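**Q** need the 3D shape of this:
(chains A and B)
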There are 2 protein chains.
Amino acid sequence: MKALLIVAHGSRRASSNDEVRALTAVVAQRAGDRFDKVDCAFLELADPLIYEGLEALARAGANDITVVPYFLSAGRHVVEDIPAEVAKADIPAGIRVRVSPYVGQAAAAMADLLLAQGQDKA
Amino acid sequence: MKALLIVAHGSRRASSNDEVRALTAVVAQRAGDRFDKVDCAFLELADPLIYEGLEALARAGANDITVVPYFLSAGRHVVEDIPAEVAKADIPAGIRVRVSPYVGQAAAAMADLLLAQGQDKA
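**A** Below is the predicted model:
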């Protein structure tokens, strides 16, 4: 079972965390056969934390878990903190866990997204 | 002349600000006839600041400027701070300035970007 764990920073504003949860539901809807399960977790300030999200996916039967950082730049959070938090998870042997590139690294796709937002007449 | 001003938070890490500048160059390359000029500015911690970026675009001949917030959630920065900084710009009458939706609001496109990053085998 392949799972995607979207990792956001987490905010003191509940509405920002809820935005991540709503986005996670959209990702799950659009995942098709790419991922069997899509969840989210937070680096800090909101639940579940990264290790909790990973352990929950493992308990749910995931044996191939991709962590995708929902971050715009390759700052300390992406480079150091997320890998360190991933390493804290108590995951049974045989379950593959990897961290994918962060969203901001997809420059061409992000550029098109910025252009589309800038053209939005809303 | 239509201009797009990409507004990021700004970071103490020069490399994060340079990432925004590099992304801005990609947006400019991909803008086609949608925008004649694409620049970036920062809410804080990096140059130019928002009012400086807006005034520079006006001096360069832009008469229709769209500010697109490069932010993932509708936090205080997007809801309050960016509009307040935009209002500080000393822009001649007749130049249209508007703030577009932030990138994180484009849930379907962002979901597809997350799925693509999660599938990246790099």
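**Q** which helix or strand in chain A has the lowest average pLDDT?
**A** The helix or strand of chain A with the lowest confidence, counting by mean pLDDT, DSSP states H and E, is helix A:76 at a mean of 90.
**Q** from the chain's centroid, how far away is stretch A:6-18?
**A** 11 Å (Cα atoms, centre = their mean, to the nearest Å).
**Q** do that stretch and chain B meet?
**A** Yes: with Cβ under 8 Å from any Cβ of the partner chain as the criterion, chain B is reached by stretch A:6-18 at A:I6, A:A8, A:S11, A:R13, A:S15, A:S16. In this view, the C-beta of every residue, glycine as well, is placed from N, C-alpha and C.
**Q** drop anything exposed from those.
**A** Neighbour-count burial (16 or more other Cβ atoms under 10 Å in any protein chain shown) is assigned, among the residues of stretch A:6-18 next to chain B, to A:I6, A:A8, A:S11, A:S16.
**Q** out of those residues, which one sits closest to chain B?
**A** Nearest to chain B out of those is A:S16 (Cβ to the nearest Cβ; 4.1 Å).
**Q** near A:G104, how many other residues are there?
**A** 25 (other Cβ atoms under 10 Å in any protein chain shown).
**Q** any idea how far A:G118 is from the residue nearest to A:I91 when sequence neighbours are not counted?
**A** Excluding its sequence neighbours, the residue lying closest to A:I91 (Cβ to Cβ, 6 or more residues apart in numbering or on different chains) is A:A58, at 5.2 Å. Counting by Cβ to Cβ, to the nearest Å, the gap from A:A58 to A:G118 is 41 Å.
**Q** of the two, who's got more company?
**A** A:G118 (24 against 20).
**Q** alright, calling it a day.
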